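Asks: Structure, please.
(4 chains)
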Number of protein chains: 4
Amino acid sequence: MNSIYNGNITLSIFGESHGEAVGIVIDGLPPGMELDMESIREEMDRRKPGTSKLATPRQEDDQVQLISGFFEGRTTGAPLCGIIFSKDTKSKDYSELKVKMRPGHSDYSGAVHYRGFNDYRGGGHFSGRLTAPLVFAGAVAKEYLKNYGVEIGAHLKQVHSVEDISFNDLDKHIKTIVYQELLQSLRGMRVPVLRASVGEEIEKVIIDAKSEGDSVGAIIECMAVGVKAGLGSPFFNSLESKIASLAFSVPGVKGISFGAGFGFADMKGSEANDPYFIEEGVVSLKSNNNGGIIGGISVGSPIVFSVVMKPTPSISKKQETINIETNENTELEIVGRHDACIAIRGIPVIEGILAIALLDAYLEDKKWD
Amino acid sequence: MNSIYNGNITLSIFGESHGEAVGIVIDGLPPGMELDMESIREEMDRRKPGTSKLATPRQEDDQVQLISGFFEGRTTGAPLCGIIFSKDTKSKDYSELKVKMRPGHSDYSGAVHYRGFNDYRGGGHFSGRLTAPLVFAGAVAKEYLKNYGVEIGAHLKQVHSVEDISFNDLDKHIKTIVYQELLQSLRGMRVPVLRASVGEEIEKVIIDAKSEGDSVGAIIECMAVGVKAGLGSPFFNSLESKIASLAFSVPGVKGISFGAGFGFADMKGSEANDPYFIEEGVVSLKSNNNGGIIGGISVGSPIVFSVVMKPTPSISKKQETINIETNENTELEIVGRHDACIAIRGIPVIEGILAIALLDAYLEDKKWD
Amino acid sequence: MNSIYNGNITLSIFGESHGEAVGIVIDGLPPGMELDMESIREEMDRRKPGTSKLATPRQEDDQVQLISGFFEGRTTGAPLCGIIFSKDTKSKDYSELKVKMRPGHSDYSGAVHYRGFNDYRGGGHFSGRLTAPLVFAGAVAKEYLKNYGVEIGAHLKQVHSVEDISFNDLDKHIKTIVYQELLQSLRGMRVPVLRASVGEEIEKVIIDAKSEGDSVGAIIECMAVGVKAGLGSPFFNSLESKIASLAFSVPGVKGISFGAGFGFADMKGSEANDPYFIEEGVVSLKSNNNGGIIGGISVGSPIVFSVVMKPTPSISKKQETINIETNENTELEIVGRHDACIAIRGIPVIEGILAIALLDAYLEDKKWD
Amino acid sequence: MNSIYNGNITLSIFGESHGEAVGIVIDGLPPGMELDMESIREEMDRRKPGTSKLATPRQEDDQVQLISGFFEGRTTGAPLCGIIFSKDTKSKDYSELKVKMRPGHSDYSGAVHYRGFNDYRGGGHFSGRLTAPLVFAGAVAKEYLKNYGVEIGAHLKQVHSVEDISFNDLDKHIKTIVYQELLQSLRGMRVPVLRASVGEEIEKVIIDAKSEGDSVGAIIECMAVGVKAGLGSPFFNSLESKIASLAFSVPGVKGISFGAGFGFADMKGSEANDPYFIEEGVVSLKSNNNGGIIGGISVGSPIVFSVVMKPTPSISKKQETINIETNENTELEIVGRHDACIAIRGIPVIEGILAIALLDAYLEDKKWD
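Replies: The predicted structure is shown next:
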């Protein structure tokens, strides 16, 4: 398989950066879901390019056209196909990129994988542009989750040397409702962070990198509150496996960890274990080192995970590389429109993949009802 | 789905900690593979309990009985079923563990997921004992990969406060053949590390934790050398998605990262990008920040990833928890046989899941030949 | 994939005719199902060999040993593994069958598929013996369906030249409850038929064939009553696709048709269409030409389908064939223990696969609740 | 799952009869396949409506627009998305069909399945129009199979009372090359039959039915020659399971049988078994009762199967039915554009699904190379 996500819903993604369109077929959505087109529009806008000096100037309105599965304002239960036609594809000369492999990009591995027949223009099927349909699918999944009181949000935990605090550092006694407000407020920020002060520092670091023709890496921390206990599975279909598998679908993601994550290495069991307590019949955990998932299954605490996104490999600095036609070493200077910190536009993508994983898990859970 | 891995091979795992047996059905293995039963025996021994003071004293010989799919010394191509009958299941009183939820364990999330019908004895289906069939599957996968010159190994990059160096810190000019020797030598160590000196420190830290009735977390770094370029897919079936999905099947794993991993956050594109070069017609990369995978597809460099394993939640220290029968807060002291650092026995498991992912990717790659 | 059924439950079947055991892992079963071991025992007995002069004398008690997923009398929700150890495997000389391909058997196609490494003893993995785990899975599925008022039964519609009537020929006004009695009464018959008179004729035709060293084909017609409307899907996962896909898993099945089946060819739309009517708020159909499924989805009428099973290819008459070692034409006389009409023991298998398909469909339907 | 075919290629079909478009995503196609757009165009034309007095007058040019996965005249290996925009959707009043269930159609079962949210206009997602993307996928699969010397064709074995002979009735000694010519000649016929004389009779029967406002059923027999031995699997992924599963995806198909099919019921093993023989090192079978598949695996003989398609349920005669809004019995006269014998346009669809199944099986077979 290639570009298929196969769970209790199926996603089939298609398109290339400089092709006519990118799109997705979402199969298995419950019939009768009202889709708030305004909310979906907002999600698409959060990811779309050309909106700020922090992002690539490529102009795309990322309007999703619903081709099927939607009738009289609701999902029908049949496959929902959403297509985003491309507007601003530069018909420039790609002959250099066909033979000179951009370091850090999939040009070389993709050419080997596809036996040299890949559409190499702008990264082709590997392009970050393919995350637009992912955000659309995520937006649809969020519509489903709303009915279960699930809210999803994310912030930049780190951009280059600038660090924000973690969700788990916030007062542990914040109640669910407050978390939901927090997550919503993050949506409104140009640079979503928990400690307001680091926002400006992050902007500065990104603009500096951009002015150097360079880029910076980052960590996104994502949270879902209101998720019921019992979702997921042990082993291969653990909730962590589902989320991770989707996270590594996002170009540039190189790591994922749940809760305390790699910090667990330096902990003892007596610190790491999250104690249970019960209050008025409601089971809770006193800490959330496990990020809301134990044994692959949700425990009712917020789902918390972090992903690291590597610096955009497209930089304008001169780089060493190879020419696969002449089989010679060469140099490359990439000219084009790029993001100096892809993680900013990555936030709704990461939220989206969490929403997809949770939609899948909620549907699965119902089978045993 | 529950305990099924569905790729170009299918794994169906079954069993409970204190049931009659644990086992696995491996479907899709090429016919005619000779299985070196001695090598498989060795892999099983690396994981089995009761062999050192660093591990649980539970005595199991972990002998795999081949029920099907194996004939005249070779795989037949039909499903290979391997079963490990249990020997040392203590028929003790589990009534306390049925109602008192062990913190950090899947007792509570599992009880909710399985609607209270889970086999709670010793963790039931969630038990680390289920990693024995995973190691078996991994050993079989390694047999396949041998034919393609792929070698897999791992070391402890960190145990509590003690840190080893990373594979990527080794001299970048080490040739493939030397890596293979290195990986083989790691197999012979009781505490596999790259810098010999940290081995003893790690032992000490583990034994100290054990004597306190506590446990420690760790990071395992795993490598495969000799992997051809072009394996994997973009998006949902990326090589990283496959490996991550399998890694989070292993009880206790809470994070995974490839190559420079979370270190990417603090890097610039100009540092992070791995430059290509060509020498006598062979394409190589000057660094391996990407851990051998770009765009979800192998580039021909060693596959390198790290997983963090949380401290074993089974500790003998008194812990706060709940009784789900009486709905009251209570305390718990776990008595039993446990590993103070599960990561040591986890090494062959993590190697095994990498082998499974690569076997899957090699089979997939052939479809287009 | 090989021997995996992947739906809302997953079946992983394994074993060979003359191996140590055959078995199945059923994954995705709801937790908390009480399994009536007596009913399961009865289902196994209906298929097991050695019980009548109409069947092979091979002696197997077909006792299913539950290895996992079953605790305190109920399913746990974790994978249920059932194993049937073989008793009466003749350690005879198979060297002739290794090289002489039995006509009508999978010997040749299997040898090519498995590149010559298949276990050729007694048909190996292709053996009808592998239907024992299918019957077990079907029996478990029936336990689930009982809770929804679904009853399944089957009869021999034709054996060689002897024809029974069809379910659809019975009085159309029989109420559900009567159908259920009918289906139950069929279970008690040695040769299950609707018109009692044909039972003896069928026995005679089978015994005659046996005495000639020959075998006969047959049609089994199977029915499920009490199935709710709305189950299934259009296209690739239609209820008919699911049932057909499972039916062709049963060795010897060469055709399947629903309702009027191939009789539709000679009908006009005005005859074929099943008119709807409503009575006291309940929707029904005046006829059942569609066999209870329209557009791939159940309509609430009984599910009715027929499968044809070819005559057992194992006959003792001399046959022309090839020797794949010497690459010469040759002759073959099969000596062994065989069924002259495999369809009799096939009845619980066909019922079983219908039960599995319906269990899958019921689980799927819940996702949208 | 809904409308997903998941094998070694994945098909994701979408669209509704009166929606903007219907389409398909084909994932897993080998890169570098040249697509003969002229051949694909021809295949689409064979199915498209409005071309003869035997078919519905709805005017659609069924032009497939390739949205992705196709670059410089070849497949890239990334998902191939083909979309067919609709032209001639009548914006008529569908309010009657929303509440009055057409007998024989999926209106009622679909409404229950989709909880009343289905797009009911013209059958919505259940429409025969969705077979256009199937024919496209089939055409692409045929392009792949050409490279392996596989040729596919079909004829009408029966239309109402008029019967053609079967492929298996043709001289058994016809060589492969002649079969290929035969199959190609069938493509050129308006009413493809083996005995030329029955063509006219069939036309008459269809036109008569049409003039009565009625429709007729039919049997299509389909063949593939040049298929290598060894393709398929025992059990759930048998070649027969794959083909059957796809065949029942085609609206109106109610039965499928391989080779002698239901005729096996009346045969003895000694007649049914296909004897092997070897000539100049090539293994062949003296007869083809098994339709080229034994034990779920191809034997190297032509693949032969028959499907029955029920009479189009859309007839203009008055029919009894129900109104699901008022819960009353009522009558219905369907006005619209329909086929009196859908099987004629069904021929390229059935050929297409065979091509898809074989493409899948060829890809799978390579995994073990």
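Asks: which secondary structure elements does whichever strand or helix holds residue A:200 contact?
Replies: According to DSSP states H and E, residue A:200 maps onto helix A:197-211. In terms of contacts (3 or more Cβ pairs under 8 Å, 6 or more residues apart in numbering or on different chains; DSSP states H and E), helix A:197-211 is packed against strand A:151-159, strand A:162-163. Where you see a C-beta, it was placed from the backbone N, CA and C, and this is true even at glycine.
Asks: deepest of these, which one?
Replies: Comparing the helices and strands packed on helix A:197-211 by mean neighbour count (mean count of other Cβ atoms under 10 Å in any protein chain shown), strand A:151-159 comes out on top with a mean of 25.
Asks: hmm, back to that, out of the helices and strands packed on helix A:197-211, nearest to residue C:235?
Replies: strand A:151-159 (32.1 Å; Cβ to Cβ).
Asks: First-to-last residue distance for stretch A:28-43?
Replies: 21 Å (Cα to Cα, to the nearest Å).
Asks: now the helix holding residue A:200: mean pLDDT?
Replies: The pLDDT scores in helix A:197-211 average 95.
Asks: which is the next helix or strand following it?
Replies: Per DSSP H and E, the helix or strand that comes after helix A:197-211 is strand A:218-225.
Asks: about what we covered before: for residue A:212, find the nearest of the helices and strands packed on helix A:197-211.
Replies: strand A:151-159 (14.9 Å).
Asks: Report the contact partners of residue A:7.
Replies: Applying Cβ atoms under 8 Å, 6 or more residues apart in numbering or on different chains to residue A:7 gives the contacts A:242, A:360, A:363-364.
Asks: next one: phi and psi at it?
Replies: Backbone torsions of residue A:7, given as degrees, to the nearest 10, read phi -130, psi -140.
Asks: Find the closest residue to chain C in the stretch 1-150 of chain A.
Replies: residue A:30 (4.6 Å; Cβ to the nearest Cβ).
Asks: Residue A:338 belongs to a strand?
Replies: No. Looking at residue A:338 with DSSP: H, G, I helix; E, B strand; the rest coil, it is coil, so not inside a strand.
Asks: Just the pLDDT for the residue nearest to it when sequence neighbours are not counted.
Replies: Distances taken as Cβ to Cβ, 6 or more residues apart in numbering or on different chains put residue A:314 closest to residue A:338, at 4.1 Å, once the chain neighbours are dropped. Model confidence at residue A:314, expressed as pLDDT, equals 92.
Asks: Count the residues that sit near residue A:314.
Replies: Residue A:314 has 24 neighbours, counted by other Cβ atoms under 10 Å in any protein chain shown.
Asks: Helix, strand or coil: sort out it for me.
Replies: Under three-state DSSP, residue A:314 comes out as coil.
Asks: Which residue comes closest to the residue in the stretch 151-300 of chain A that chain B sits nearest to once chain neighbours are left out?
Replies: Scanning the stretch 151-300 of chain A for proximity to chain B using Cβ to the nearest Cβ identifies residue A:295 as nearest, at 2.4 Å. Spatially, and ignoring its direct neighbours in sequence, residue A:295 is nearest to residue B:106 (2.4 Å; Cβ to Cβ, 6+ apart).
Asks: And the contacts of the host helix or strand of residue A:186?
Replies: Here residue A:186 sits within helix A:176-187, counting by DSSP H and E. Outside helix A:176-187, the residues that touch it by Cβ under 8 Å, 6+ apart are A:46, A:151-155, A:170, A:174, A:192, A:194, A:223, A:225-226, A:302.
Asks: Tell me which stretches of chain A form helices.
Replies: A:37-47, A:95-99, A:107-113, A:131-146, A:176-187, A:197-211, A:239-247, A:269-272, A:342-366 (DSSP state H).
Asks: pretty sure residue A:106 contacts residue A:123?
Replies: Yes. With contact taken as Cβ atoms under 8 Å, residue A:106 and residue A:123 are classed as touching, separated by 6.8 Å.
Asks: Which of those two has more residues huddled nearby?
Replies: Higher neighbour count among residue A:106 and residue A:123: residue A:106, with 29 against 26, using other Cβ under 10 Å.
Asks: Quick check: the residue of the stretch 101-250 of chain A nearest chain B.
Replies: Counting by Cβ to the nearest Cβ, the stretch 101-250 of chain A gets nearest chain B through residue A:106, at 2.4 Å.
Asks: Might you enumerate the residues of the stretch 101-250 of chain A proximal to chain C?
Replies: residue A:234 (Cβ under 8 Å from any Cβ of the partner chain).
Asks: any low-confidence regions in the stretch 101-250 of chain A?
Replies: A:171-177 (pLDDT under 70).
Asks: circling back: tell me the one of the contacts of helix A:176-187 nearest chain C?
Replies: The closest of the contacts of helix A:176-187, once distances to chain C are taken by Cβ to the nearest Cβ, is residue A:226, at 19.9 Å.
Asks: Counting neighbours, show which residues of stretch A:103-117 come out buried.
Replies: If you call a residue buried by 16 or more other Cβ atoms under 10 Å in any protein chain shown, then stretch A:103-117 has these buried ones: A:103-114, A:117.
Asks: Could you tell me the end-to-end distance of that stretch?
Replies: 19 Å.
Asks: Please tell me how far it is from the chain's geometric centre.
Replies: Mean C-alpha position of stretch A:103-117 versus that of the full chain (Cα atoms, centre = their mean, to the nearest Å) differs by 23 Å.
Asks: which residue packs closest to residue A:9, ignoring adjacent ones?
Replies: residue A:28 (3.9 Å).
Asks: surely the one you found meets residue A:5?
Replies: No. Using Cβ under 8 Å, residue A:28 is not in contact with residue A:5, being 10.6 Å away.
Asks: and the gap between the residue lying closest to residue A:259 once chain neighbours are set aside and chain D?
Replies: In space, not counting the residues next to it along the chain, residue A:259 is nearest to residue A:291; the distance is 2.8 Å by Cβ to Cβ, 6+ apart. Using Cβ to the nearest Cβ, to the nearest Å, we find residue A:291 at a distance of 30 Å from chain D.
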